[in-house]
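J.: sequence? don't have it. structure:
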């Protein structure tokens, strides 16, 4: 937005004189739209010598040199204007996602001018392969400072570690593909790495056919088998140079960890949690792997979960509790700690916008240019269809009520839509305005809150509760510990302005209203923002750990729960594109020196030294009774 001066006259504050510079307010912009400009004028000391000219000797001036010191004058001018703090463009450019997205779309549009559909293989060999082979992202530095420092202090490997990655941050491989996929049987990556870019550049429609799940079954379509990549290499870097778990792995390696004591429980993150077990026996394999590591290493296991992985492991705890013999005792015998790093335990609003229109803040920042930049390549309908087929989005649906969440979807009165969308009517709204298969699956997910788990109307073995900490309980395993590590202090999407969609089919009924902005930056491009880690709002990150699990109703065995918050304090982008070792962004937190320190303390058996570190306002969220 541009600076727009008020039509009223500008009023200037009176000039004041004050010799104390320490009392001066800083130059800045107040949150109410008032600009305060402080100007300080100081005259340096001037030495005045007595004139030696005989003709001026008649004055009574002293014969020796004197120094004239003038008072420091402070002038404060206050001007009220109506504008936003930063221009949209400058604000947009500050997001590192812009540069990542820009790189991909520059490549895509360059490819659009080639005859891809007619001669895909020739195009790949002639244009794409040489181009992609020469591309590499900057080698973002992984800090080994904390691992080195704690090793010198005597810290060493103790507990084996199982890492559970998050949403879209681990590789997916093609084990069987359609005829359009030239590398259908080579186990090349359809998600992650530059192999993904090759597929998108050469045949977008073919890539979509492989990435989309069957709308009814939520599994692979006929003729396609996509599976999660295996091993640490599938999660350490998303694309060459763009680290995910690499900082954690490399720092633990300095303490003596290797492939024998460090395991990654990869999975197909598109699936619902239920289908992960039905198709891939993911939870059965995870259970057996933890048991084998506990036996081989003769130590209980630390489970390190990031993002969606934290929600998935919570579901695993309910699955063990209700389907396996002595399931709760199993956690007491095998699990040292459940470590949740940036887990969206109460969901994320962007799951709503992704299902509703295939949009989120990352796309909304293109504003009106979205129709020229994104839509020609991936239309709203294509994006919405893709996201609706990924049932993991439903596992991240917002949970709770309006005591925790603001209105999630808003409409202007001119559209005559009866009411805004809240946490209470969210399922009904999405069921009406998405697809029938989404409505059917939403019916099997409990988004509510309860305190009475003994009532006759509650069936704890009903898996609709299992991914919702508000409607289920931690296992009765008093020796197991819970650690919640997350960032705060970064603008995070919390709600959206929508309007009836234009020039699209009935699949997408509403689209974001990019014209909606506010002067205090809480609303920009139709997206409301609040505190969080840039992806997950603070309430979802911290409420279960800082408040819910301190109650016996949801933590009946009173497991020790420790909350560790890290304020987002990134370096300027010209010093470190990822923000450096004090960035607490949703993904970059895995390279945060304080996160690495706490993970090392827990893995090496020193977790008891960690106490609550609550720096945000998470404690101000109301109790749900």
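T.: Cool, got the structure. Note that the coordinates shown come from a computational prediction; the quantities given were computed from them, not determined experimentally.
J.: for the rest of this, base every contact and every neighbour count on C-alpha atoms.
T.: Will do.
J.: point me to the helix or strand that includes the closest residue to residue 412 other than its chain neighbours.
T.: Leaving aside its chain neighbours, residue 412 sits nearest to residue 499 (7.5 Å; criterion: CA to CA, 6 or more residues apart in numbering). Per DSSP states H and E, residue 499 falls inside strand 492-500.
J.: sheet-wise, list the partners of that strand with their directions.
T.: strand 409-411 (parallel), strand 510-512 (antiparallel), strand 527-530 (antiparallel) (DSSP bridges).
J.: these: lowest mean pLDDT?
T.: Among the strands paired with strand 492-500, strand 510-512 carries the lowest mean pLDDT, a mean of 90.
J.: just to revisit the earlier point, which residues sit against the strand holding residue 499?
T.: Contacts with strand 492-500, where a contact means CA atoms under 8 Å, 6 or more residues apart in numbering, come from 348-350, 353, 361, 405-412, 415, 509-514, 516, 526-537.
J.: quick check on the residues you listed: which are buried?
T.: 348-350, 353, 361, 405, 407-411, 509-514, 526-537 (16 or more other CA atoms under 10 Å).
J.: where in the protein is pLDDT low?
T.: 1-141, 182-186, 360-377, 504, 519, 521, 625 (pLDDT under 70).
J.: element containing the most centrally placed residue in it, please.
T.: The centre of the chain sits closest to residue 535, judged by CA atoms, centre = their mean, with a distance of 2.7 Å. Using DSSP H and E, residue 535 is not contained in any helix or strand.
J.: contacts only, for it.
T.: 348, 492, 493, 585, 586.
J.: if we use 7 Å, what do you get?
T.: Contact partners of residue 535, counting by CA atoms under 7 Å, 6 or more residues apart in numbering, are 492, 586.
J.: now do the phi/psi pair for it.
T.: phi -130, psi -50 (degrees, to the nearest 10).
J.: what about it, distance to residue 349?
T.: 9 Å (CA to CA, to the nearest Å).
J.: repeat that for residue 355.
T.: 10 Å.
J.: kindly report the same for residue 403.
T.: 15 Å.
J.: residue 327 too?
T.: Taking CA to CA, one finds residue 327 at 33 Å from residue 349.
J.: so who does residue 402 touch?
T.: 422, 423.
J.: let's verify the closest residue in space to residue 403 that isn't next to it in sequence: helix, strand, or coil?
T.: Ranked by CA to CA, 6+ apart and with sequence neighbours excluded, the top spatial neighbour of residue 403 is residue 622, at 6.7 Å. Three-state call for residue 622 (DSSP: H, G, I helix; E, B strand; the rest coil): coil.
J.: residues near residue 622, how many?
T.: Around residue 622 there are 11 other residues, counting by other CA atoms under 10 Å.
J.: residue 153 too?
T.: 9.
J.: from residue 207, how far out is the nearest residue to residue 473 once chain neighbours are set aside?
T.: Of all residues not flanking residue 473 in the chain, residue 554 sits nearest, at 4.5 Å (CA to CA, 6+ apart). Separation of residue 554 from residue 207 (CA to CA) stands at 43 Å.
J.: so how far is stretch 342-360 off the chain centroid?
T.: 10 Å (CA atoms, centre = their mean, to the nearest Å).
J.: got it, and stretch 195-205?
T.: With CA atoms, centre = their mean, you get 25 Å for stretch 195-205.
J.: measure residue 287 to residue 298 for me?
T.: On the measure of CA to CA, residue 287 and residue 298 end up 16 Å apart.
J.: likewise residue 340?
T.: 23 Å.
J.: more crowded one of those two?
T.: Taking other CA under 10 Å, residue 340 and residue 298 do not tie; residue 340 has more neighbours (28 against 12).
J.: what sits against the more buried one?
T.: Counted by CA under 7 Å, 6+ apart, residue 340 has contacts 304, 305, 306, 310, 483, 484, 485.
J.: change it to 10 Å
T.: The contact partners of residue 340, by CA atoms under 10 Å, 6 or more residues apart in numbering, come to 164, 303-311, 313-314, 482-486, 541, 545, 563.
J.: and the host helix or strand of it, which strands flank it?
T.: Take DSSP H and E as the rule and residue 340 turns out to sit in strand 335-341. Each strand paired with strand 335-341, and its direction, by DSSP bridges: strand 301-306 (parallel), strand 481-488 (parallel).
J.: do you know which of the ones you listed lies nearest residue 454?
T.: strand 481-488 (24.3 Å; CA to CA).
J.: roughly how far is the closest one from the heart of the chain?
T.: Distance, centroid of strand 481-488 to centroid of chain: 14 Å (CA atoms, centre = their mean).
J.: what does stretch 536-556 give?
T.: Worked out by CA atoms, centre = their mean, stretch 536-556 lies 19 Å from the chain centre.
J.: buried residues in that stretch?
T.: Under 16+ other CA under 10 Å, the buried positions of stretch 536-556 are 536-550, 553-556.
J.: what of stretch 443-450?
T.: 445, 446, 447, 448, 449.
J.: next, the buried residues of stretch 599-608.
T.: Buried-residue list, stretch 599-608, by 16+ other CA under 10 Å: 599, 600, 601, 602, 603, 604, 605, 607.
J.: and the end-to-end length of it?
T.: 12 Å.
J.: domain-wise, how is the protein divided?
T.: Domain ranges of the chain: 136-170+243-345+455-488+532-616, 172-228, 349-397+401-446+491-530, per the TED database.
J.: start and end of the second one, how far apart?
T.: The one in question is domain 172-228. Across its full length, domain 172-228 reaches 5 Å between end residues, using CA to CA.
J.: do the same with the last one
T.: Counting by CA to CA, the length from the leading to the trailing residue of domain 349-397+401-446+491-530 is 11 Å.
J.: now do it: distance to the chain's middle.
T.: With CA atoms, centre = their mean, you get 17 Å for domain 349-397+401-446+491-530.
J.: cool, and the second one?
T.: The chain centre lies 25 Å from the centre of domain 172-228; the measure is CA atoms, centre = their mean.
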